[in-house]
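Student: sequence first, predicted coordinates after that:
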Amino acid sequence: MLQRVITSIVTLFLASIVVFVGVRLLPGDPALVLAGETADPAVVAAIREQFGLNQPIWIQYFNYVGQALQGNFGVSTRDRIPVAEILLQRLPITLELAGLAILVGVLIGLTAGIVSAVKRGSFADYAANAFGLIGLSVPHFWLGMLAILFFAINLQVLPASGYVAFTEDPGENLRRMILPALVLGTGLSAVLMRQTRAALLGQLSADYVRTARSKGVSRSREVKHALRNSLTTVVTVLGLQLGALIGGAIITEQIFVIPGFGKLIIDAVSARNYPVLQGAVLVAVTGYVLVNLAVDIAYAYLNPRMRLAGGAR
Amino acid sequence: MSVLEVEHLRVEFGTENGPVIAVKDVSFTLEKGEILSLVGESGCGKSTVAMSIPRLLGDSHVTLGGSVHLNGVDLSAYSEKRMQEVRGKEISVVFQEPMTSLNPAYTVGNQISEVLLQHEGLSRRAALARAVELLELVGIPDAQRRTAAFPHELSGGMRQRVMIAIAVACNPLVLIADEPTTALDVTIQAGVLDIFRRLRDNLGTSIVLITHDLGVVADIADRVAIMYAGRIVEMASTAEIFAAPTHPYTRGLLGALPSRAIMQANGRRRLTDIPGLVPSPSTDPDQCQFAPRCASASIECTAARPTAEPVAVGHTVSCYHPAVGAML
């Protein structure tokens, strides 16, 4: 387990290098963007000096990491607001969206997967499979626009876009989050549905399910036996899908005009706002690594055989 | 009245390549406290018989025929819901594969408790306490601590003991053991067979023991039914089967036992084998199914199927040319 934590830290360290270098590989000069198209070379040089952009990249990196470890991600090149402050302000919004999307994905995906595996070959199974195929194939941006067209414009039951803070008006906040969460959660639920179905079908024919049957338990108990052993697969997929979820969140926030992390990243890219971009991507990467660490811990709980091997006990 | 009465059991599987009749016509009775052994080679349908008694084949592609009476009550008429009340409570099963028959995600104590919670209406705490007793009953040392163990922490022999503990938890009338010792080391087999014997002696459990191992049969069974190609071809007490086997197939099986090897002229022992292969289970012609492999086969063997006829008290055989007397 300790080993796993160390691996996570190394991963984070490597990721920070990739992010740092990657950001600088983007075409375009932040000093030029800030100074404007027709700026005086002296102004550009001054801006470079101010943000340390004239130093060798490795020095920039160590300065950055040193500060970042103390919670200082620099200041936004655009409005001089500390990046940490911006991140703290935007992060909860995206976390809420992602959380709701995962809730939607797990509720729909797991339920559909279980039903289609248990009622294999039934109409419900075919319906779930069709849903899974469509959910996997349809891109977020198109689904988002369809959802706006249908629910916001035709039915006029939900707002098309915009964001209201939860602390301001919880009801309105949730009302406005329904569509984005559904759009973002659909792809996830499709993947989860297919994986749950496949895993559960495999487990339902296992010997221990027959043993459960020989004990005289009900069909639902039999399914529970099998489901418990299918969850390892489901949790793995959920962890892996989180990367896709972050990508999806960027697009979804753009469509529904939600001022979350995704929108922050897109805006930072177009403004060549290095500190903000770095900070945002680094936090996203950290989140991804932490979730996968949590997945590994969940394994030990779900699969007792892993406990001895991993020494998590 | 017999505890278990199986009459004209027929099991047909629908497959993509047409129907497979795994069990063609099997009838037998089981008395209280009796250990009846069902013996035959792989594919003779013995495991299918075992699984169809508590209706564990439970697939839409399975067609069951005949009847199963438990203490005089016809189970064939029972709904799936009522069968759930019978399974684990009145008829329980010990399976062949101890390595995969327990759920890897639940503790041993949990898996034993489940059957008690299902049928005995015990509290969780009481069920767990009973689980400890059951583990002690099947000879697992340090039973209290073992209830918290997961199956992968136990050896194959231990797991099979846990399976037996689950099977006997509700003190069933009939215990069906499907090759319970096949996957175990010989040294452990004896211990497991001993548990069955104790259950029968102390609790009066009736046991159907499925096996292909005649050594196991000799050790523990009261009565033996020899199966071939989905039918019982000979049935007698264990002593009688070994002393005076009459069906050519039974004699063939015994001849293949090392302890029965035939002394040759040069003083070396030789094992005999049965020539030919088990017939295809997709057809059921009106003839003796063993005839193509039988040295004593005559024209009448392929003209009509022989019926079970008594040759001695409690000894029946389905053969036109039953052998008389002991083997060499």
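Tutor: Sure thing, it's come through. Numbering: from 1, shown residues only, chains lettered A, B, ... in the order given.
Student: residues of chain A that sit close to chain B?
Tutor: A:206-208, A:210-218, A:221, A:225, A:228-229, A:302-305, A:308 (C-beta under 8 Å from any C-beta of the partner chain). Any C-beta I mention is one placed from the backbone N, CA and C, and that applies to glycine too.
Student: now intersect those residues with the helices, please.
Tutor: Counting by DSSP state H, the part of these found in helices is A:207-208, A:210-214, A:221, A:225, A:228-229, A:302, A:305, A:308.
Student: the helix or strand hosting residue A:233: which residues count as buried?
Tutor: With elements taken from DSSP states H and E, the one containing residue A:233 is helix A:219-256. By neighbour count with 16 or more other C-beta atoms under 10 Å in any protein chain shown, helix A:219-256 contains the buried residues A:221-223, A:225-242, A:245-246, A:248-256.
Student: and what of stretch B:146-160?
Tutor: Buried residues in stretch B:146-160 (16+ other C-beta under 10 Å): B:146, B:147, B:149, B:150, B:151, B:153, B:154, B:157, B:158, B:159, B:160.
Student: please see if that stretch touches chain A.
Tutor: Yes - between stretch B:146-160 and chain A, judged by C-beta under 8 Å from any C-beta, the touching residues are B:150, B:152, B:153.
Student: returning to that earlier point: which element follows the helix holding residue A:233 toward the C-terminus?
Tutor: helix A:261-270.
Student: output the contacting helices and strands for that following helix.
Tutor: Other helices and strands packing on helix A:261-270, by 3 or more C-beta pairs under 8 Å, 6 or more residues apart in numbering or on different chains; DSSP states H and E, are helix A:83-118, helix A:219-256, helix A:274-302.
Student: on that earlier part again, any chance of the residues of stretch B:146-160 next to chain A in a markdown table, plus distance to residue B:238?
Tutor: Listed next are those as a markdown table, based on distance: C-beta to C-beta, whole Å:
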| residue | distance to residue B:238 |
| --- | --- |
| B:150 | 39 |
| B:152 | 37 |
| B:153 | 37 |
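Student: using the three-state scheme, assign the residue in the stretch 51-200 of chain A that chain B sits nearest to.
Tutor: Distances between the stretch 51-200 of chain A and chain B by C-beta to the nearest C-beta are smallest at residue A:121, namely 9.3 Å. For residue A:121, the assignment made with DSSP: H, G, I helix; E, B strand; the rest coil gives coil.
Student: pLDDT weak spots in the stretch 1-150 of chain B?
Tutor: Residues of the stretch 1-150 of chain B meeting the criterion pLDDT under 70: B:59-60.
Student: tell me which stretches of it form helices.
Tutor: Along the stretch 1-150 of chain B, the stretches classed as helices by DSSP state H, counting those that start in this stretch are B:46-52, B:80-86, B:108-119, B:124-137, B:143-146.
Student: what residues does the stretch 101-250 of chain B have near chain A?
Tutor: Residues of the stretch 101-250 of chain B found near chain A, taking C-beta under 8 Å from any C-beta as the criterion, are B:101-106, B:114-115, B:118-119, B:150, B:152-153, B:163, B:166-167.
Student: filter the ones in helices among the residues of chain A next to chain B to the buried ones?
Tutor: A:207, A:208, A:210, A:211, A:212, A:213, A:214, A:221, A:225, A:228, A:229, A:302.
Student: ok, the last one touching residue B:106?
Tutor: No - distance between residue A:302 and residue B:106: 11.5 Å, which falls outside the contact criterion (C-beta atoms under 8 Å).
Student: overlap in contacts of these two?
Tutor: Common contacts of residue A:302 and residue B:106 (C-beta atoms under 8 Å, 6 or more residues apart in numbering or on different chains): residue A:228.
Student: picking up where we left off before, other SSEs contacting the helix holding residue A:233?
Tutor: helix A:83-118, helix A:140-147, helix A:170-204, helix A:207-214, helix A:261-270, helix A:274-302.
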